[in-house]
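J.: quick one, structure for this:
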Amino acid sequence: MNLKLKTDKNEYPVFSFSLSVFLHITIFIITAVLVNSSIDELKTGAYVQINTIESEPFEEMTMHREKSKSDAKEIMEKQDETNDKEINTEKEKTIEKEKSSEKVNEAVIGNEISFYNFSDSIADTANLVQIYKESTLNVSMKYPAGWTYIDQNVKNKLDGVTFWTNSTIYNPPPYVHIEVQDKDLFNPKRFQHIYKTRNYTVYYNDPEELAGQFNQIIYIRTNTNEDYSLKLIMKGEEAFKSFQPVFFGMVKSFKYGTGYF
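T.: Numbering: from 1, shown residues only. Modelled structure (predicted):
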């Protein structure tokens, strides 16, 4: 069967109609393809956009969380450091207080040991080989080898005696002075320490210092008509400390009237 395209007027409408149908179908197919392609591109773009939108906040949240952790850790470390400093400061203050307390205790102990309290146990008599004797009040006392003395009488009665040494061990040398005291002028409130025996009472204070010179007075309260004081005067703290037991030994050897010290 052979088909022939004729162009006469009777066949033209059929041809035109077929061509029109073909073109519409073609346009429809192309349009559908284009529409599907656009939809796919839109889907693909939306998917990418959604991923981007979802990804960025997650990363920011992660970074923010990590930064928060880091900041919190740094704050805690600083707080720990501050606490450690406060603890160390308190420890240092406590240590300083303890040191200050120890220094005070050492000073007190120093007064009790280096600056000896007058007692039976603290007296150095090993070098007290010379004896001073006086007849008006029957006063006598031992004193160290190499020392000398000068006494003073008032109205033919003993008023005082001063002992010193020419030895080069101490420069300047120490002085020990005995003085007869008026009993009516005695004031026990002037003294901090009391040492009692059966025949007498000793009153004394801690050593006093003035311009590097130390002195200590031992006051002997007797049952006779006279009281006595023995005073040590010496330059330098260390020299005073070293000689103080000898001074106590001299005091221990002191005798008056018919009594014995």
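J.: so Tyr132 lies in a strand, does it not?
T.: Yes: read with DSSP: H, G, I helix; E, B strand; the rest coil, Tyr132 is one of the residues of a strand.
J.: what count of nearby residues applies to the closest residue to it other than its chain neighbours?
T.: Distance criterion CB to CB, 6 or more residues apart in numbering; nearest residue to Tyr132, sequence neighbours excluded, is Met141 at 5.1 Å. From N, CA and C alone the C-beta is placed, and that goes for glycine too. Look at Met141: counted by other CB atoms under 10 Å, it has 25 neighbours.
J.: against Asp227, how distant is Met141?
T.: Using CB to CB, to the nearest Å, Met141 is found at 15 Å from Asp227.
J.: next one: Glu208
T.: Distance, Glu208 to Asp227, using CB to CB: 20 Å.
J.: of these two, who's got more company?
T.: Taking other CB under 10 Å, Glu208 and Asp227 do not tie; Asp227 has more neighbours (21 against 10).
J.: relative to Asn171, how far out is the closest residue to the more buried one other than its chain neighbours?
T.: Taking CB to CB, 6+ apart, and ignoring the residues beside it in sequence, Asp227 has Gln181 as its nearest neighbour in space, at 4.1 Å. Separation of Gln181 from Asn171 (CB to CB): 31 Å.
J.: tell me how many other residues crowd Ser253.
T.: Ser253 has 18 neighbouring residues, counting by other CB under 10 Å.
J.: Gln181 now?
T.: 16.
J.: go on, Val251?
T.: Val251: 21 neighbours (other CB under 10 Å).
J.: His193: neighbouring residues, count only.
T.: Neighbour count of His193, defined by other CB under 10 Å: 12.
J.: and it, what's its pLDDT?
T.: Turning to His193, the model gives it a pLDDT of 93.
J.: let's have the chain start at 28 instead
T.: All set: I'll call the first residue 28, so the last point we hit is now His220.
J.: residues contacting the residue lying closest to it once chain neighbours are set aside?
T.: Sequence neighbours aside, Tyr231 is the residue nearest to His220 in space, at 5.2 Å (criterion: CB to CB, 6+ apart). Residues in contact with Tyr231 (CB atoms under 8 Å, 6 or more residues apart in numbering) are Phe145, Phe218, Gln219, His220, Tyr222, Gln243, Ile244, Ile245, Tyr246.
J.: how close does Tyr231 get to Tyr222?
T.: In terms of CB to CB, Tyr231 sits 7 Å off from Tyr222.
J.: for Asn180, same thing?
T.: The gap separating Asn180 from Tyr222 is 29 Å, by CB to CB.
J.: of those two, which one has the most company?
T.: For Asn180 versus Tyr222, neighbours defined as other CB under 10 Å are more numerous around Tyr222 (15 against 12).
J.: part of a helix, is the more buried one?
T.: No: Tyr222: not assigned to a helix; according to three-state DSSP it is strand.
J.: in what helix or strand does the nearest residue to it once chain neighbours are set aside lie?
T.: Using CB to CB, 6+ apart and skipping residues adjacent in sequence, the residue nearest Tyr222 is Val229, 4.0 Å away. Using DSSP states H and E, Val229 maps to strand 228-231.
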